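Trainee: Have a look; sequence and predicted model below, questions after that.
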Amino acid sequence: MYKISCVKYTNSLPFIYGLEKSSISQNIILELDTPAECYRKLLNKEVDIGLVPVVAIQSLKEKHFISSYGIGASGKVKSVILATGTALNEIKTIYLDYQSRTSVQLVRLLAKEHWKINPEFLQAEHGFVNKKIPEGTAYVVIGDRAFSFYKTDYLIYDLSEEWKKFTEKDFVFATWIANREINREFIIEFDKALKAGLGMRKMIIQDLIPNLNGVDINLEEYFYKNINYNFGSEARDGMELFLNLLNQQQEQKK
């Protein structure tokens with residue numbers, strides 16, 4: 001029996017459906033968490049496998065890539081944004097989503113290297129997305145909560161799209177990592193379950209539509225165009241570049 005932590009956002013629903021509806025469900029305990037919690041649980045060995053933020057890779061003592069799938073984008077992702085009422089060059093403060101690890105590092109990198117701004121970065125508190133964004137301030141918002149900002153008058157900067165402009169590379173937000181050796185037969189069945197879940201996207205869309213409550217999102221476009229679920233060579237190239245740039249920044253601070 002393997003314990004698995006999966007991100008609980010809409011973008012991960014194909015994985016959740018696949019794991020819950022396939023025969024593999026009899027051999028797993030599936031827990032649904034924020035990206036930050038997925039990382040914490042994998043790091044502390046509370047679970048064996050996690051859909052974890054890519055920045056977590058560097059701090060895990062033992063790590064095994066166990067799947068050809070993940071959560072990424074080749075351009076606009078829609079659910080990882082910087083929202084502000086201020087022009088980029090006038091932003092003085094950026095509040096960082098407490099549910100995120102990768103996205104907060106991405107926005108720091110984009111601010112310095114792409115946008116050429118030097119704001120103060122502050123950790124956001126629970127409920128920050130429900131508060132009006134002050135002048136000269138921006139919020140990093142990830143997951144389903146980001147969708148509501150598209151119905152506001154705020155300026156929205158899609159972080160994956162900005163990364164693509166900056167590097168011409170794909171971006172990977174999370175991928176499946178194990179913190180110990182996993183049985184090879186299980187890995188094969190695990191990947192089959194994820195693939196099966198991706199084949200259920202049209203059914204998932206039908207399940208979600210009655211529960212959107214006015215949220216402004218084209219689910220078909222989101223599942224089939226915005227999210228890149230394949231953890232292939234282009235995704236890995238983008239991930240390696242991101243991690244290398246983060247390492248360079250850390251070296252410069254020493």
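Mentor: Alright, I've got the coordinates.
Trainee: Tell me which stretches of the stretch 1-150 of the chain form helices.
Mentor: 13-21, 35-43, 102-109 (DSSP state H, counting those that start in this stretch).
Trainee: Output the contacting helices and strands for the second one.
Mentor: Judged by 3 or more CB pairs under 8 Å, 6 or more residues apart in numbering; DSSP states H and E, helix 35-43 is in contact with strand 2-7, strand 49-53, strand 171-178. (Glycine included, C-beta is placed from N, CA and C.)
Trainee: hmm, try it at 7 Å
Mentor: strand 2-7, strand 49-53 (3 or more CB pairs under 7 Å, 6 or more residues apart in numbering; DSSP states H and E).
Trainee: Show residues contacting it.
Mentor: 5, 7, 33, 47, 50-53, 56, 59-60, 99-101, 174, 177, 179 (CB atoms under 7 Å, 6 or more residues apart in numbering).
Trainee: So this structure: which segments form each domain?
Mentor: 2-72+171-232, 80-167 (automatic domain parsing).
Trainee: per-residue confidence averaged over the shortest one?
Mentor: It stands for domain 80-167. When pLDDT is averaged along domain 80-167, the result is 94.
Trainee: now do the first one
Mentor: Averaging pLDDT along domain 2-72+171-232 yields 91.
Trainee: Including distance to Met239, could the helices and strands packed on helix 35-43 go into CSV?
Mentor: Shown next, in CSV, are the helices and strands packed on helix 35-43 (distance: least, CB to CB, whole Å):
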stretch, distance to Met239
strand 2-7, 17
strand 49-53, 11
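Trainee: May I see the ones you listed arranged in JSON lines, with mean neighbour count as well?
Mentor: Listed next are the helices and strands packed on helix 35-43 as JSON lines, based on neighbours: other CB atoms under 10 Å:
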{"stretch": "strand 2-7", "mean neighbour count": "22"}
{"stretch": "strand 49-53", "mean neighbour count": "29"}
